[in-house]
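**Q** sharing a sequence plus its predicted fold:
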Amino acid sequence: MLPSTRAGQTGREERDDDQAAATAGNGREEGWLTQVVRILQLANPALTAEEAIIRAMSLVNVGNQAPRGEAEKIPKDMTSSIAHIKKLNEGNWHTWEPTFIDCLQRVHNAKEILYSEIAPGSEGYDEDLDKALVGLIHACCDNSPDSRIDTYTVRGSDEEAQLSSTLYAKLKKALTLNDAVKRAGLQDRIHTVRMYNRDVVRLGRELDSIWNDAAHLGKRFDKDLKKSTLYRCTAQDWFYTNSVDALKMAKPDCKYDEAYHTLAKKQQDGEVTGRIRGAARVATSTDQGEQGPRGRRDPRNPSAPPKCCACGGPNHIARNCTNNNNPAPSRDGPTTNPAQEASRKAPVESMAVVQFPWRPWTPMDSHAKEEQAHMRGGPATKRTKRKEQAPPRRGPSSRSMQMVTTQGLER
């Protein structure tokens, strides 16, 4: 039994030596594995070569593994999504910043480190992550010759290792110099916004754009200001005045969204009602249009049917008159009145007789002329009597004539 056991041990050792030699020939990593196997066998002689190799390989995998906190600092899918963002230049910080921050939401404390809310040395600060984000920010910058973003991203000479928090703060300060001016412009825009054509939906979109722009600039406008602006713009229109007053009385503490949806519902109902009324109006006008004009009504007798001005017939006008005595006017030539035609055909003597429809007039006979002359004379008045009784007017006296003659001779 003993020789057989010795022979088995000798054969096993030879196989282990051959396997170790084969693995040693594969490279540097295999030689380190052989050393680990020997160390394990020396520490525990009961271990076989296979068990020692398994334990050594497990130690190699553990050694090559990064710590759990550093394994997924920035996942590959997140890096690829950030690579598709529009490159940062000197004019698009307000659109690039929120997109970049949204892509880093899954990275623990990345946003806080970028915003310097977690300072270096404090609890929760990760220096490796702070350094890893530097390359990511540089990769997001527009490095074309026309871009001036390199001026802000160049590493300073006095900085040995640039941190993402300092780079992010430098970019934000350099690219948002005019934020105060933009915020002031948005404040003025709130006071000048107006509603057009009773369109509450369009007004709501404009208010949303103002509030979103202010949020991108780091300014948080109050929601109550947004609601009061909505009330101010809609209360000037009579269509929404009652709705605004009812909202203020019934729900003084309501939110902006509730007030907006109420007024938008009012606009929608008004549009539907307007379409129904418009369709009914068109249908009514179409039915009446088939009948045509019905003539002119008498203002002194509104209940009477309308009559034609030419023949006096009911329910038609002179242009559409079918009476034989009053033919319809022709478009080819000028139209004439029947009374004018009759006067044109009459003799010249009768032209002196002017007939007025409101006062018939006939030639006066001799009796009428005498009566008219008597009426012109009239009864004698006091003034006429004084004129008759006054003495006749005399000419100039002889003395006055003599004086005139004397003056002429003296000259």
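**A** In hand now; what should we look at?
**Q** use CA for all of it now, contacts and neighbours both
**A** Will do.
**Q** what's around Y260, how many residues?
**A** 18 (other C-alpha atoms under 10 Å).
**Q** swap that for N320, please
**A** Counted with other C-alpha under 10 Å, the neighbours of N320 add up to 15.
**Q** stretch 141-148 spans what distance, first to last residue?
**A** Distance across stretch 141-148, first residue to last, is 10 Å (C-alpha to C-alpha, to the nearest Å).
**Q** likewise stretch 216-225?
**A** 18 Å.
**Q** what comes up buried for it?
**A** L217 (16 or more other C-alpha atoms under 10 Å).
**Q** now swap in stretch 308-323 and tell me
**A** 308-319, 321.
**Q** for F221, which three-state class applies?
**A** coil (DSSP: H, G, I helix; E, B strand; the rest coil).
**Q** residue ranges with poor pLDDT in the stretch 51-200 of the chain?
**A** Applying pLDDT under 70 to the stretch 51-200 of the chain picks out residues 58-74, 150-162, 177-179.
**Q** where do the helices of it begin and end?
**A** Ranges of helices within the stretch 51-200 of the chain are 68-71, 76-83, 93-103, 110-114, 127-140, 150-153, 164-175, 179-192, 200-216, based on DSSP state H, counting those that start in this stretch.
**Q** mind checking the pLDDT average for the following helix or strand past the last one?
**A** Read that as helix 200-216. Once helix 200-216 ends, the next helix or strand along the chain (criterion: DSSP states H and E) is helix 223-235. Taken as a whole, helix 223-235 carries a mean pLDDT of 89.
**Q** and the angle for the helix or strand following helix 223-235 with helix 200-216?
**A** Note on helix 223-235: by DSSP H and E, the next helix or strand toward the C-terminus is helix 238-250. Angle between the axes of helix 238-250 and helix 200-216 is 60 degrees (criterion: axes from the mean of the first three to the mean of the last three C-alpha atoms, to 10 degrees).
**Q** not counting its own residues, what contacts helix 238-250?
**A** For helix 238-250, the external contacting residues (C-alpha atoms under 8 Å, 6 or more residues apart in numbering) are R198, Y231, T234, A235, A259, L263, K266.
**Q** please spell out the PyMOL selection for the buried subset of the residues you listed.
**A** Selection of buried members from those for PyMOL, criterion 16+ other C-alpha under 10 Å:
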select buried, resi 231+234+235+259+263
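**Q** A119: which of the contacts of helix 238-250 is nearest?
**A** The closest of those to A119 turns out to be A259 (C-alpha to C-alpha; 42.9 Å).
**Q** could you measure from the closest one over to A250?
**A** A259 is 11 Å from A250, where distance means C-alpha to C-alpha.
**Q** what's the overlap in contacts for these two?
**A** With the criterion set as C-alpha under 8 Å, 6+ apart, the contacts of A259 and A250 do not overlap.
**Q** which segments of the chain make up each domain?
**A** Domain assignment for the chain by automatic domain parsing gives 2-65, 76-178, 186-282, 291-296+305-331.
**Q** for the nearest residue to F100 once chain neighbours are set aside, give me its contacts.
**A** Nearest residue to F100, sequence neighbours excluded (C-alpha to C-alpha, 6 or more residues apart in numbering): I82, at 6.7 Å. By C-alpha under 8 Å, 6+ apart, the contact list for I82 reads F100, C103, C140.
**Q** what about the last one, neighbour count?
**A** In this case it means C140. With other C-alpha under 10 Å as criterion, C140 counts 18.
**Q** and N315, what pLDDT?
**A** 75.
**Q** ok, T262 next?
**A** 90.
**Q** tell me how far it lies from K219.
**A** 28 Å.
**Q** deepest of the helices of the stretch 51-200 of the chain, which one?
**A** By mean neighbour count, with neighbours taken as mean count of other C-alpha atoms under 10 Å, helix 110-114 ranks first of those at a mean of 20.
**Q** rewinding a little: determine which two of the contacts of helix 238-250 are furthest apart.
**A** R198 and A259 (15.5 Å).
**Q** picking that back up, need the helices of the stretch 51-200 of the chain in TSV (columns: distance to A46).
**A** Shown next, in TSV, are these (distance: least, C-alpha to C-alpha, whole Å):
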stretch	distance to A46
helix 68-71	34
helix 76-83	45
helix 93-103	54
helix 110-114	50
helix 127-140	43
helix 150-153	61
helix 164-175	53
helix 179-192	74
helix 200-216	69
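**Q** closest to G121 out of those helices?
**A** That would be helix 127-140 among those, by C-alpha to C-alpha, at 8.8 Å.
**Q** that closest one packs against which elements?
**A** helix 76-83, helix 110-114, helix 164-175 (3 or more C-alpha pairs under 8 Å, 6 or more residues apart in numbering; DSSP states H and E).
**Q** could these be laid out in TSV, adding distance to L225?
**A** TSV is the format used below for the helices and strands packed on helix 127-140 (distance: least, C-alpha to C-alpha, whole Å):
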stretch	distance to L225
helix 76-83	36
helix 110-114	30
helix 164-175	28
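**Q** out of those, which comes closest to E90?
**A** helix 164-175 (6.1 Å).
**Q** angle of that closest one against helix 93-103?
**A** Using the same axes, to 10 degrees: helix 164-175 against helix 93-103 is 160 degrees.
**Q** list of residues touching helix 164-175?
**A** Contact with helix 164-175 is made by 90-91, 93, 113-116, 130-134, 137, 152-153, as judged by C-alpha under 8 Å, 6+ apart.
**Q** tell me the one among these nearest to P302.
**A** G91 (73.8 Å).
**Q** now do the same contact list for the closest one.
**A** L175.
**Q** how does it look with 10 Å?
**A** G91 makes contacts with S147, I149, L175, T176, as judged by C-alpha atoms under 10 Å, 6 or more residues apart in numbering.
**Q** which one of those residues sits in the busiest neighbourhood?
**A** Counting by other C-alpha under 10 Å, top hit in those: I149 with 21 neighbours.
**Q** how near is that residue to N143?
**A** 7 Å.
**Q** again with K131
**A** 20 Å.
**Q** R220 now?
**A** 33 Å.
**Q** same question for V36.
**A** Counting by C-alpha to C-alpha, the gap from V36 to N143 is 49 Å.
**Q** so those two - more neighbours on which side?
**A** V36 (19 against 16).
**Q** so that one: helix, strand or coil?
**A** helix.
**Q** which residues touch the nearest residue to it once chain neighbours are set aside?
**A** Excluding the flanking residues, the one nearest V36 by C-alpha to C-alpha, 6+ apart is A56, at 5.9 Å. Taking C-alpha under 10 Å, 6+ apart, we find A56 in contact with W32, L33, T34, Q35, V36, V37, R38, I39, L40, E50, V62.
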